[in-house]
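# just need the structure, nothing else, for what follows:
(one chain, ligands or ions: 1)
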Amino acid sequence: MSHIASEIAGLREELPSSVKLVAVSKFHPASAVMEAYNAGQRIFGESRPQELFAKARILPGDISWHFIGHLQTNKLKMVLPYVSMVESVDSEHLLGAIDRWGKENGRTTDVLLEMHIASEETKQGFTRDGILKILSEAGNYGNVRISGLMGMATLTDDESVIRADFAKLVALRDEVLSDRSGFPALPEGFGLLSFGMTHDYRIAVEMGADIVRIGTLIFGERV
Ligand SMILES: *Cc1c(COP(=O)(O)O)cnc(C)c1O
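I've put the predicted structure just below:
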């Protein structure tokens, strides 16, 4: 068995069946995606529009692509026709543009709102208040389905910091679900949480992640 196939098999054993694995294939060639595909993996994550576009056009049509990077509105055409979910919606401007694209193209796009939970200033994402505002106005976006929240923890070996970051996502989701009255247009299925990467996915699973996004463990270091 190849390294990629054995990592996929190992993760399938380890992860609870309720947790979706997004295999993050960014910076790795289509042949690496195919190795994972042949091991049964069907959900892949990409963070650059051009790269997603190039892979999606040549790889099997039953792959479900998740876009997980910063998305500029002038790149939507390269991304939205090919993805089943945009996990990294980080501004109202982007959400509005995805919605307009959907209206023009007769599509509804599944999205997650990215919350800024890390202590690094550079990471993208909404504040808690920014997310609450969007969720309360979900009715303005007829062609997106806001399915949940996504986040990236601080890059650290300190597990207590990672747990505190992830806890912000869990708490906000639970707060919204506990009283939907402020969010009349929230989609029925709202509540998915995407958090956890190679170095912190075990903590994420333990804390209730619905989606984990794992790249390096499966495909090796990005070059
Ligand atoms: C690259 C990336 C991942 C995967 O990171 P690994 O550490 O390689 O598992 C997950 N989520 C996002 C948003 C990423 O950009």
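# Gly45 in helix, strand or coil?
At Gly45 the chain is in strand, as set by DSSP: H, G, I helix; E, B strand; the rest coil.
# ugh, wrong one, Asp110
Three-state call for Asp110 (three-state DSSP): strand.
# wait, it touches Ser84, no?
Yes: contact status for Asp110 versus Ser84: in contact at 6.4 Å, counting by CB atoms under 8 Å. From N, CA and C alone the C-beta is placed, and that goes for glycine too.
# higher neighbour count, these two?
Asp110 (18 against 12; other CB atoms under 10 Å).
# how about the more buried one, what does it touch?
84-86, 144-145, 147 (CB atoms under 8 Å, 6 or more residues apart in numbering).
# ignoring the adjacent residues along the chain, who's closest to it?
Met85 (4.4 Å; CB to CB, 6 or more residues apart in numbering).
# check contacts around the closest residue to Ala138 other than its chain neighbours.
Among residues not flanking Ala138 along the chain, Ala185 sits closest, at 4.2 Å (CB to CB, 6+ apart). Under the criterion of CB under 8 Å, 6+ apart, the neighbours of Ala185 are 137-139.
# name the SS class of Gln41, please.
Gln41 - assigned by three-state DSSP - is coil.
# revised request: answer the last question for Val205.
helix.
# which residues of this protein score low on pLDDT?
Low-confidence segments of the chain, defined by pLDDT under 70: 123.
# for the residue positioned nearest the centre of it, give me its contacts.
Centroid check for the chain by CA atoms, centre = their mean gives Glu87 as the closest residue, at 3.3 Å. Contacts of Glu87 were listed using CB under 8 Å, 6+ apart, and they are 22, 45, 66-68, 111-112, 114, 150, 194, 211, 213.
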